[in-house]
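1. based on what follows, work out the 3D shape:
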Amino acid sequence: MPTSADVLPLLERYCAAMTSHDREGWLDCFTDDARQEDPVGAPVNVGREAIGKFFDENITDLTLTVAAPPIVAGNEVIAFLRVDIMMGDQKMELPRIVDHIVLNYDGTKFASLRAFFDYAELRAAE
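-> Here you go, the predicted model:
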């Protein structure tokens, strides 16, 4: 079973790929048949093509980072992330994103990702 230390590099790769607009690197964090719901309540993207379309539609000037070590239980992960994003000439931050992730059988990719956050927490960066 993966540990927090095992999962952290995958989360960091996911964040770095999103930040650098590395579509293929980001998609490689998911299994080919993965499910992605970002944010929770949005339509679920299933499979590489649908998840890739989500990526293409969400290209923006942002920095996604791991905010705290993940909690890992079996093949499930609670990841704590934050995003800093430019909106016009204003730097904004969403300091609290919680992703519920289900890993594939060997713990190397996301089989499912559900992103929980509240847009009401978006604020000017300090």
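
2. okay, the closest residue to Arg23 other than its chain neighbours and Val77: tell me how far apart.
-> Distances taken as C-beta to C-beta, 6 or more residues apart in numbering place Phe55 nearest to Arg23, at 5.4 Å, with adjacent residues excluded. Using the backbone N, CA and C atoms, a C-beta is placed for each residue, glycine as well. Distance of Phe55 to Val77, computed by C-beta to C-beta, to the nearest Å: 20 Å.

3. out of those two, which sits in the more crowded spot?
-> Between Phe55 and Val77, counted using other C-beta atoms under 10 Å, Val77 has the larger neighbour count: 23 against 18.

4. mind checking the SS state of that one?
-> When classified by DSSP: H, G, I helix; E, B strand; the rest coil, Val77 comes out as strand.

5. quick one, helices of this protein?
-> Counting by DSSP state H, the chain has helices at residues 4-19, 23-27, 47-57.

6. so which of those is the most surrounded?
-> Comparing these by mean neighbour count (mean count of other C-beta atoms under 10 Å), helix 4-19 ranks first with a mean of 17.

7. and that helix, how far out from the chain middle?
-> 9 Å (C-alpha atoms, centre = their mean, to the nearest Å).

8. do the same with stretch 6-24
-> On C-alpha atoms, centre = their mean, the centre of stretch 6-24 falls 8 Å from the chain's centre.

9. tell me how far the residue lying closest to Leu62 once chain neighbours are set aside lies from Ala67.
-> Leaving aside its chain neighbours, Leu62 sits nearest to Ile85 (4.2 Å; criterion: C-beta to C-beta, 6+ apart). From Ile85 across to Ala67, the span is 15 Å (C-beta to C-beta).
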